[in-house]
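S.K.: Okay, structure incoming, though there's no sequence with it:
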């Protein structure tokens, strides 16, 4: 690794982790985006949106970036704004993880809440409306509008390029869909490079992007809640399957992976891993399945990994955790099994 002078120079080249392998050679690989600065994939698209806004003359020296965020986009924008001399205002709600809010403040962001303290409901639509209105009132402001910004998906083209540097092919790309940028940006670039994958999008039960009734959910930074508009970054032309995973199953998976492997993944990544593990034996023999783990579990110690918080919301699912642990044992890669036997 060369010596760098900016935090954003550390973006990318994140590792692949082999989570599970079948006897037929099908394997589930995790693209570990928590190894990016801010511990999340979204710093990729935060940088891309700002650079594109500069290119188009929408952001000028000393300008003001405004975005509605549940945390990870805001963290990325806080880094980019600090580096490039912009002010940054994050429009947030109390559904966001406290550590994300604290980190944004630490990096100089101003937080504007759309809900009162103690109200931890997801308020995506209210956040976006306020961010748009605030930007319209300021001549020097730019609303990055992540859900409808074409640069969002472009920020993830490098993920596809990195995957093909490490792998011969990606047969199945299976990941969470929030804005849609990470899954569809990666899928689009793989297609451009002549390696079109089978694309499976995962959203929480209660999200409306793939149809069905809307309702509340606790998976942070993913899905489209009722009342919110499905953004243009969700590219249905690239989607082969859209599936839903409950909060209970997603969180149980994140907790099981942490307990079994010491690997901390976020709740939305838990949903994707749950879908991958439970379907692994059904995929064609020899398939390479990649899940983009968009952030780490360390930000959710007060929520997903806190028994009291989980129990208060009736989210604990010990039977599901045990089932996931069994799948991790059943599909453990040979090297991990050998090491376990030695130990």
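M.R.: Nice, thanks for sending it over. Note that this is a predicted model, so its numbers are computed, not measured.
S.K.: alpha carbons only for contacts and neighbour counts from here, please
M.R.: Fine.
S.K.: in its sheet, what does the helix or strand where residue 29 lies sit against?
M.R.: Here residue 29 sits within strand 27-32, counting by DSSP states H and E. With DSSP bridges as the test, strand 27-32 is paired with strand 16-21 (antiparallel), strand 288-293 (parallel).
S.K.: What residues of it count as buried?
M.R.: For strand 27-32, the neighbour count (16 or more other CA atoms under 10 Å) marks 27, 28, 29, 30, 31, 32 as buried.
S.K.: My read is that the fourth one contacts residue 295, right?
M.R.: No: shown here, residue 30 and residue 295 do not form a contact pair, counting by CA atoms under 8 Å, at 11.4 Å.
S.K.: list residues touching both of those two?
M.R.: Common contacts of residue 30 and residue 295 (CA atoms under 8 Å, 6 or more residues apart in numbering): none found.
S.K.: all strands for the stretch 151-300 of the chain, in order.
M.R.: For the stretch 151-300 of the chain, applying DSSP state E, counting those that start in this stretch gives strands covering 172-176, 198-204, 241-245, 288-293.
S.K.: Deepest-packed of those, please.
M.R.: strand 172-176 (a mean of 26; mean count of other CA atoms under 10 Å).
S.K.: Show residues contacting that strand.
M.R.: Contact with strand 172-176 is made by 183, 187, 197-203, 222-223, 268-269, 271-272, 276, 287-293, as judged by CA under 8 Å, 6+ apart.
S.K.: and it, which strands flank it?
M.R.: Strand 172-176 has the following sheet partners, assigned by DSSP bridges: strand 198-204 (parallel), strand 288-293 (parallel).
S.K.: Turn those into a markdown table, including distance to residue 234 and mean pLDDT.
M.R.: Formatted as a markdown table, the strands paired with strand 172-176 follow (distance: least, CA to CA, whole Å; pLDDT from 0 to 100):
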| stretch | distance to residue 234 | mean pLDDT |
| --- | --- | --- |
| strand 198-204 | 10 | 98 |
| strand 288-293 | 16 | 98 |
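S.K.: With residue 10 as the reference, name the closest of those strands.
M.R.: Among the strands paired with strand 172-176, strand 288-293 comes nearest to residue 10, with 17.5 Å by CA to CA.
S.K.: And the strands paired with strand 172-176: which comes nearest residue 329?
M.R.: Among those, strand 288-293 comes nearest to residue 329, with 18.2 Å by CA to CA.
S.K.: buried stuff in stretch 131-151?
M.R.: Buried positions in stretch 131-151, judged by neighbour count with 16+ other CA under 10 Å: 131-132, 134-135, 141-151.
S.K.: Name the residues that touch it?
M.R.: 45, 48-50, 52, 58-60, 63-68, 91, 128, 152, 179-180, 230-233.
S.K.: got a list of what the residue nearest the centre of the chain touches?
M.R.: The chain has residue 294 as the residue nearest its centroid, 3.3 Å off, counting by CA atoms, centre = their mean. For residue 294, the contact set (CA under 8 Å, 6+ apart) comprises 32, 33, 34, 40, 41, 42, 266, 269.
S.K.: so who does the second one touch?
M.R.: So the one you mean is residue 33. Residue 33 touches 12, 14, 15, 39, 40, 41, 292, 293, 294, 295, 296, counting by CA under 8 Å, 6+ apart.
S.K.: Same question for the fifth one.
M.R.: The neighbours of residue 41, taking CA under 8 Å, 6+ apart as the test, are 33, 34, 182, 293, 294, 295.
S.K.: From residue 219, how far out is the residue lying closest to residue 316 once chain neighbours are set aside?
M.R.: Distances taken as CA to CA, 6 or more residues apart in numbering place residue 310 nearest to residue 316, at 5.6 Å, with adjacent residues excluded. Computed as CA to CA, to the nearest Å, the residue 310 to residue 219 distance reads 12 Å.
S.K.: Likewise for residue 35?
M.R.: Applying CA to CA to residue 35 and residue 219 gives a distance of 21 Å.
S.K.: quick one, which of the two is more surrounded?
M.R.: Shown here are residue 35 and residue 219; by other CA atoms under 10 Å, residue 219 has more neighbours (26 against 19).
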